[in-house]
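Peer 1: return atomic coordinates for the entry below.
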Amino acid sequence: MEQTDVVVPLTDEQAWDVLRAQALGRLAYQVAGRVDIVPVNFVVDGDRIVFRTAEGSKLFGTTVNHGVAFEVDELDVDHALSVVVHGTARHLTGIAADEAERLPLRPWVGTEKLEFVAITVQEITGRRFHIDLPGTDEPSI
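Peer 2: So this is what the prediction gives:
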C-alpha cells in the first residue's frame, strides 16, 4: 500500500453516511473560556444533528456559545473512520421541541432529559485511516 492510501478524505456524502450509521458522538462546546467534550447519543435529522439533554452545562454551553464541534468514529479490524462537524447549536423550544420529540431519540441512561439541541452543520469533514500496527495483526484500542 502506498503511503498516500493510509489516510483518505471522505466526501461530504460519505461523511454524512458515517454520521447516520452512528448513535454516539462527542460534543465539544465552550463555557467560561473552557472547552468541554462530552458523549451524547444523537440522531441525524435531515441536515442537522439532534440530541437530548437535561438542564445543565451542555444546555447552558450550547446556549451562550452557539459554535460547537461534534465528532464520531467507527473502528473496524483494518480501518477507522472519523467525522468532524463544525456548526451552530440551537436549543429547541415550542413547536421545534415538539417535532424533535417525534424523533427516534431516547436517553441511554435513567436520567430525565427533556431538552433538545439541534446542531446546524456548517462544515463536515471525514477521513478513513488504514490501520497497520507494526508487530501485530490486530489493532489495539
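Peer 1: past the lowest-mean-pLDDT helix or strand in the chain, which element shows up next along the chain?
Peer 2: One helix or strand of the chain scores below all others by mean pLDDT, DSSP states H and E: helix 57-64, with a mean of 89. Later in the chain than helix 57-64, the nearest helix or strand by DSSP states H and E is strand 67-75.
Peer 1: now the helix or strand containing residue 116 - C-alpha only, PDB.
Peer 2: When elements are defined using DSSP H and E, residue 116 is found to belong to strand 115-130. Extracted C-alpha coordinates of strand 115-130, given in PDB (Å, rounded to 0.1, in the frame of the first residue of the first chain):
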ATOM      1  CA  GLU A 115     -34.400  19.500  26.400                       C
ATOM      2  CA  PHE A 116     -33.400  19.200  22.700                       C
ATOM      3  CA  VAL A 117     -30.500  20.800  21.000                       C
ATOM      4  CA  ALA A 118     -30.000  20.800  17.200                       C
ATOM      5  CA  ILE A 119     -26.700  21.400  15.500                       C
ATOM      6  CA  THR A 120     -26.900  23.000  12.100                       C
ATOM      7  CA  VAL A 121     -23.900  21.700  10.200                       C
ATOM      8  CA  GLN A 122     -21.700  24.400   8.600                       C
ATOM      9  CA  GLU A 123     -18.800  22.200   7.800                       C
ATOM     10  CA  ILE A 124     -18.300  18.400   7.700                       C
ATOM     11  CA  THR A 125     -15.000  16.600   7.200                       C
ATOM     12  CA  GLY A 126     -14.200  12.900   7.400                       C
ATOM     13  CA  ARG A 127     -11.200  10.700   7.000                       C
ATOM     14  CA  ARG A 128     -10.600   7.000   6.600                       C
ATOM     15  CA  PHE A 129      -7.500   5.600   8.100                       C
ATOM     16  CA  HIS A 130      -5.800   2.300   7.300                       C
END
